[in-house]
Structures are given as C-alpha cells and as structure tokens.
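Got a predicted structure plus its sequence, pasted below:
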Amino acid sequence: MTSGAPSADVWGVVTVHRPAQVPQLLGDLAPQVTGIIVVDDGSGAEFDVIRADIASTGAQVITLESNRGIGAALNHGIRCAIEHGASAVVTFDQDSTIAPGFVAALGAAHEHARAHGVPAGPVVPEFFADVSQAGSSTPQGVVHAAHAIQSGMYLPSEVLEQVGLMDEALFIDLVDTDFEIRCLDADLPCIVAPGLRLPHRLGARYRVPGPLGAVLPTLTLSTPFRYYYRARNRIVVGRRHPRHRARLRRDARADYAYFLIAWMLARPRSTMRKLLIAGFRDGRAERLGRMSPELAADAARVTWRARPV
C-alpha cells in the first residue's frame, strides 16, 4: 500500500446520523486528506455535544435540520468540498475504518488507469466488508468494479462535473448503484484499487432460529425501515436503466430472496409485508423521497425473530 501522506486537494466527506461517539474514521482519515467535512443528517439537538466533539478534531461540520437521506447528505458534503477547491472527494459512512495509505491507493488506481489510456470514473476498494467489488480487468491491469458501494468511493471532480451528484430522491439504498450506472453510461466506469480493503459493519448479525437456521445459521439484517427503501428503489433503478437490465434483474432476484427471509424473521410479519408492498407500490408509482411518517412508525415496531450473534 502507498504511504499515508496527505493526497493533494483530496477532501473526505463523512456522513453521520445519531453517532454514539466521534467516529474513529476521522483520526484515520485526517493525515490522508486536505480536509474533512462531516455531514450530520438530522440527528437533532440532543447530539450537539458529539457534533462539537467532532468539530474539535478539525473537521468542518454541516448540520442538516432534518433527516434528508444519504444522497442529500453526500451532496451537501461534496458541494462544500468542491467549493474548497477539491480535485477529488472520498466519501464514507460513520462506521467505516481505513488503514494508512487508503486514500493514496485509490488515487493511484485512478492515475494508473489514466496513464494507460483507460477511461475511469470513481474508484472503490477491492474489498468492502470482505466482499469483493471487483469485476473484469483490462490488459493494462485496470480492474473494473462489478458493483460499487459509496463508502470508500473516490470521486474525481471532473467525474462529478460530467455525471452530476447523487440522486437525493432515492433517499437511501441503491443511491450508489444508480450513480455507478450513470458513470458507466457516461463512459466513466467505476474501477477498483486492487487489494485495498475497507472494513465495515453491514447491519447486525443474527442467529436464525428454527428449520431455516439449519440451512442459514446466521444472517445480517438491516434496520426494518431499510426494506421499504430497498424494495422501492429496486423497482425505480431497474426501470431507470434498461440498458443494464440483465445485471439489475440478477441483483433484484437476490434482493427478493433476502426480502422473503426478512419477512419470515420479522415480528409481526404482517407489518414487514406492509412495508415491502408499500415499497413496491411506491416504486411503480415513482413516489420517491422520504417514507411517510405512518410507514416509519410501522417500521419502528418491527423486531426480529432471531438472537443477535
């Protein structure tokens, strides 16, 4: 891995929501970038102390008065970084951690592609939470991404100028997939930094009970409200990008199997069914943005028929 020296004019954008503490990431990231912008996505006044602690690390804090979703939070931070003269932005969630040289390795992968005449847009680490994001490679050794998650994503300013920012209307889930496909359609495909890893916690791990547990002993489950957005945005993104129908249908089949398992483990199942049906219905109707307060209240009542690992 390359050194941990700051990458010239590269800024970090970190989104947080109701953080329990100052993210460890900020200390890891500070030596590697010109500056850090932390966007608090509507945590509320009760998090004033933690926001002040974050600001004391030297990060610039942007506070959104209400929960606007990951797309809006990222866009606020990206715009601010570009206004500060950033040549590239690296985006992160609050749960991510990085090793020294992480940002430089992303930039090096981008420069390698450019030096060999290979079009390249965003850059992501090869491994996100031990899951490979790598796809095919070119004869020049440039590895294209099979899929790309936004935490740990390196965004050159010229890519943002050509492709635009994240779609805020999607709110959360598949925001990065939509952006990645737009980059691909602009002939700026996402590539990976070979061998680079981003440790990250994906939801919470549960021990699956009953007969299903014999086949699937443990499973990662998200917060229940996320399933509404995932179901809705799977419909929206699939319709939006017909050129990528094969990939998106394959991804959708995996999601639908996951939805079925989540429904089986939800308590009450009727409420999880209501969330999923509402997501599919709103996706077909192109009703985007934040879920209704009524649905959010329903989602808050859902628990899992499984024990945390």
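Cool, the structure landed.

Please enumerate the helices of the stretch 1-150 of the chain.
Using DSSP state H, counting those that start in this stretch, the helices of the stretch 1-150 of the chain run over 24-29, 48-56, 70-83, 102-115.

Just the CA atoms of the last one, as PDB, please.
By that I understand helix 102-115. Taking Å, rounded to 0.1, in the frame of the first residue of the first chain, the C-alpha atoms of helix 102-115 are listed here in PDB:
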ATOM      1  CA  PHE A 102      -6.000   4.100   1.800                       C
ATOM      2  CA  VAL A 103      -6.800   7.400   0.000                       C
ATOM      3  CA  ALA A 104      -3.500   7.400  -1.800                       C
ATOM      4  CA  ALA A 105      -4.200   3.900  -3.100                       C
ATOM      5  CA  LEU A 106      -7.500   5.000  -4.500                       C
ATOM      6  CA  GLY A 107      -5.800   7.900  -6.300                       C
ATOM      7  CA  ALA A 108      -3.000   5.700  -7.600                       C
ATOM      8  CA  ALA A 109      -5.500   3.300  -9.100                       C
ATOM      9  CA  HIS A 110      -7.200   6.200 -10.900                       C
ATOM     10  CA  GLU A 111      -3.800   7.600 -12.200                       C
ATOM     11  CA  HIS A 112      -2.800   4.200 -13.300                       C
ATOM     12  CA  ALA A 113      -5.900   3.900 -15.500                       C
ATOM     13  CA  ARG A 114      -5.400   7.400 -17.000                       C
ATOM     14  CA  ALA A 115      -1.700   6.700 -17.700                       C
END
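
elements contacting that helix?
Here helix 102-115 touches strand 10-16, strand 88-93, strand 123-128, strand 153-156, strand 191-198, going by 3 or more CB pairs under 8 Å, 6 or more residues apart in numbering; DSSP states H and E. C-beta: built from backbone N, CA, C; applies to glycine.

buried set for that helix?
Using 16 or more other CB atoms under 10 Å as the test for burial, helix 102-115 gives 102-110, 112-113.

can you list these in TSV and add pLDDT?
Shown next, in TSV, are the buried residues of helix 102-115 (pLDDT from 0 to 100):
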residue	pLDDT
Phe102	98
Val103	98
Ala104	97
Ala105	98
Leu106	98
Gly107	97
Ala108	97
Ala109	97
His110	97
His112	97
Ala113	97
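
of all these, which comes closest to Asp9?
Gly107 (10.3 Å; CB to CB).

How about the contacts made by that closest one?
Counting by CB atoms under 8 Å, 6 or more residues apart in numbering, Gly107 touches 7, 10, 88, 123, 154.

Please verify my assumption that the second one contacts Val89.
Yes - taking contact to mean CB atoms under 8 Å, the distance of 7.3 Å between Val10 and Val89 places them in contact.

Let me have the helices and strands packed on helix 102-115 in CSV, adding mean pLDDT, distance to Asp185 and mean neighbour count as columns.
Output for the helices and strands packed on helix 102-115, formatted as CSV (pLDDT from 0 to 100; distance: least, CB to CB, whole Å; neighbours: other CB atoms under 10 Å):
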stretch, mean pLDDT, distance to Asp185, mean neighbour count
strand 10-16, 98, 24, 26
strand 88-93, 98, 20, 27
strand 123-128, 97, 18, 25
strand 153-156, 98, 16, 26
strand 191-198, 97, 16, 23
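
who wins for proximity to Met264 among those?
Of the helices and strands packed on helix 102-115, nearest to Met264 by CB to CB is strand 123-128, at 26.7 Å.

Name the nearest residue to the residue nearest the centre of the chain, sequence neighbours excluded.
Nearest residue to the geometric centre of the chain (CA atoms, centre = their mean): Gln150, 3.9 Å. Take Gln150 and drop its neighbours on the chain: the residue closest to it by CB to CB, 6 or more residues apart in numbering is Asp176, 3.8 Å away.

Low-confidence ranges, this protein, go.
Applying pLDDT under 70 to the chain picks out residues 1-8, 202-203.

Where is the longest helix in it?
Secondary structure of the chain per DSSP state H: the longest helix is helix 245-265.
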